[in-house]
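Novice: The sequence and its predicted three-dimensional model are supplied below.
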Amino acid sequence: MITTELSNIGLIIQNQREFFQTGKTKDVNFRIEQLKTLKQAIIEHEQSIVEALQGDLHKPELETYLTEIGVIKDIDYAIKHLKIWSKPKKAAVSFDFFSYSARIYPEPLGVVLIIGPWNYPFQLIISPLIGAIAAGNCAIIKPSEIASHTSGIIAKIVAKHFDPAYIAVVEGGVEASEKLLAEKFDHIFFTGGTAVGKIIMAAAAKYLTPVTLELGGKSPCIVDNDINLEHTVRRITWGKFINAGQTCIAPDYLLVDKKIKKDLIDGLEKCLKEFYGDNPANSPDYARIISQKHFDRLVNFLKDGKVLIGGKTQPSERYIAPTVIDNVSLEDSVMQEEIFGPILPIIEYTDIAEAIALINSKPKPLALYLFSQNKNLQKRVLQETSSGGVCINDTVMQVGVSSLPFGGVGDSGIGNYHGKASFDTFSHDKSVLKNSFWLDLKWRYAPYEGKLPLIKKLLG
Ligand code: NAD
């Protein structure tokens, strides 16, 4: 461990509280400087980040740039907008408050904790950290121990470029998390599975600590027959099999109009060949499963339904071919749990009402995808389903739009972030009302005698 021993956690938090009390982080120019430092640090360590992701997930370099190092775009966005975001905003007052002025002051929360998962292990730590810095907080970050190479490089970068009294990394697994969660923070930002999310929220409740929970779930993808088939298969194949399906917003399963099912399956098969060749195991562009435990869990899913495409595995490499399966039942484990791997079940429908009913019978997903040019169908699906976000005629791209808050609803999470939403997540909106001394009407003061008619009038 580079930055700290677990026994020092209390001391790190105390140092961060003292640093926060100096008020340095309240200066917007200080925050901008720190964001610039973070950007430079990432650029300086680009090669090590690529290697770490290669070590953890066999992640292709292009995917690492696109989905991990690409987080520097979010830094630029925060730097560009921070002065506006952090300015107090005027709030309207009604006529009866004519001698007052009202303003909303965003203020930092204090010392925040960020806990990350292993699937995009760099981006999903740095992206919330950008919000924490922008909003003027001190932060302790705990990357996932399962992506150990990436955890190591994050610890190295932060230790080299930041004072631990401002930003510190605590590496480790459940034990480290538990030690951290025993302490009081001003906010906890957690990205991970729903089961652990509940543990985090229970621990936070002890201190009334607010939480953001970025969780997972089964994100459905509806495919209507009014589509451009070629574009649809390409966009689904990319969104499902990037990072070998280990993406929280990957399409988990397809709900396909029966009329187009055969064409879609043929298209997926052709597209997979185009992307990864005849044997994806030899493709430099296809990632591996993070650990033996996760590999075993996924291989178990292959027993469900009928394999139409793929299905091959290589345990020594933790390789699972991009796989499409048919004939699954809703009781099969592949349809009960979030898949989080390169296995894509196809379920057909004859009427869109069946697809909508199936989605609504399950916990609210993080993402919902719809491929259709039919405007009425788009409207109906938006109106009749609930999900963290929706992307129409594409997959996964919604995560890259800074102006769209990103987060779940129900079982898929609490709160959101990205762009301004990150700043808001790590800020408290302090309402400030100011009166002046030029007038002091006595309608609200005792003695009340004779004043009730006026109050009634004001309320009317
Ligand atoms: P996880 O919940 O197992 O672990 C996440 C973090 O929690 C890790 O840092 C881990 O060390 C810690 N942790 C694990 N067990 C703990 C415990 N008992 N007490 C305290 N802390 C504990 O999740 P994961 O396997 O790393 O990630 C996969 C999940 O994350 C999937 O469900 C996926 O959908 C979800 N996810 C969501 C998003 C999002 O943005 N909403 C992004 C990526 C992943």
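Specialist: Good, I have the coordinates.

Novice: Enumerate the residues of the stretch 301-450 of the chain near the ligand.
Specialist: Contact residues (Cβ under 6 Å from any ligand atom) of the stretch 301-450 of the chain with the ligand: E338, F340, L366, G408, G413. From N, CA and C alone the C-beta is placed, and that goes for glycine too.

Novice: Could you dump those into TSV with pLDDT added?
Specialist: Output for these, formatted as TSV (pLDDT from 0 to 100):
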residue	pLDDT
E338	97
F340	98
L366	98
G408	98
G413	98
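
Novice: Could you pick out which of those residues are located in strands?
Specialist: G413 (DSSP state E).

Novice: is it true that R297 lies in a helix?
Specialist: Yes. Counting by DSSP: H, G, I helix; E, B strand; the rest coil, R297 is part of a helix.

Novice: so what's it scoring on pLDDT?
Specialist: R297 carries a pLDDT value of 97.

Novice: Could you do D96 as well?
Specialist: 84.

Novice: does it really touch K457, like I thought?
Specialist: No. Counting by Cβ atoms under 8 Å, D96 stays clear of K457, with 10.6 Å between them.

Novice: Now the chain against the ligand: closest residue?
Specialist: As assessed by Cβ to the nearest ligand atom, the ligand sits closest to G216 within the chain, at 2.0 Å.

Novice: re the thing from before, are any of the residues of the stretch 301-450 of the chain next to the ligand buried, and which?
Specialist: By neighbour count, with 16 or more other Cβ atoms under 10 Å, these hold E338, F340, L366, G408, G413 as buried.

Novice: Redo the residues you listed as TSV? Include distance to D76.
Specialist: Formatted as TSV, those follow (distance: Cβ to Cβ, whole Å):
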residue	distance to D76
E338	32
F340	30
L366	26
G408	26
G413	26
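
Novice: Tell me which of the residues you listed fall in helices.
Specialist: Counting by DSSP state H, those place none of their members in helices.

Novice: if we can go back for a sec, how many residues are close by the residue of the chain closest to the ligand?
Specialist: As a burial measure, G216 scores 28 neighbours (other Cβ atoms under 10 Å).

Novice: any weak-confidence spans in the chain?
Specialist: Scanning the chain with the threshold set as pLDDT under 70 gives 1-5.

Novice: middle-most residue in it, spatially?
Specialist: E214 (4.9 Å; Cα atoms, centre = their mean).

Novice: Might one say that that one is in contact with H418?
Specialist: No. Applying Cβ under 8 Å, one finds E214 not in contact with H418, separated by 10.4 Å.

Novice: Overlap of the contact sets of these two?
Specialist: F406 (Cβ atoms under 8 Å, 6 or more residues apart in numbering).

Novice: hang on, the earlier thing: would you say the residue of the chain closest to the ligand is within a strand?
Specialist: No. With three-state DSSP as the criterion, G216 is assigned coil and is not in a strand.

Novice: where along the stretch 351-460 of the chain do the strands fall?
Specialist: Applying DSSP state E, counting those that start in this stretch to the stretch 351-460 of the chain gives strands spanning 367-371, 389-392, 413-414, 427-434.

Novice: could you say what helices and strands the third one packs with?
Specialist: Here strand 413-414 is seen to pack against strand 211-214 when contacts are counted using 3 or more Cβ pairs under 8 Å, 6 or more residues apart in numbering; DSSP states H and E.

Novice: what comes into contact with the strand it packs on?
Specialist: 124, 128, 187-192, 197, 200-201, 204, 248, 406-408, 413-417, 425.

Novice: next one: stretch 164-179
Specialist: 1-4, 6, 9, 12, 15-16, 18-19, 25, 34, 115, 129, 133, 138-143, 145-146, 151-152, 154-155, 158-159, 162, 180.

Novice: Would stretch 169-176 count as contacting the ligand?
Specialist: Yes. In terms of Cβ under 6 Å from any ligand atom, part of stretch 169-176 sits within range of the ligand, namely G173, V174.

Novice: can you check stretch 178-192 too?
Specialist: Yes. Using Cβ under 6 Å from any ligand atom, we find that stretch 178-192 touches the ligand at E178, T191, G192.
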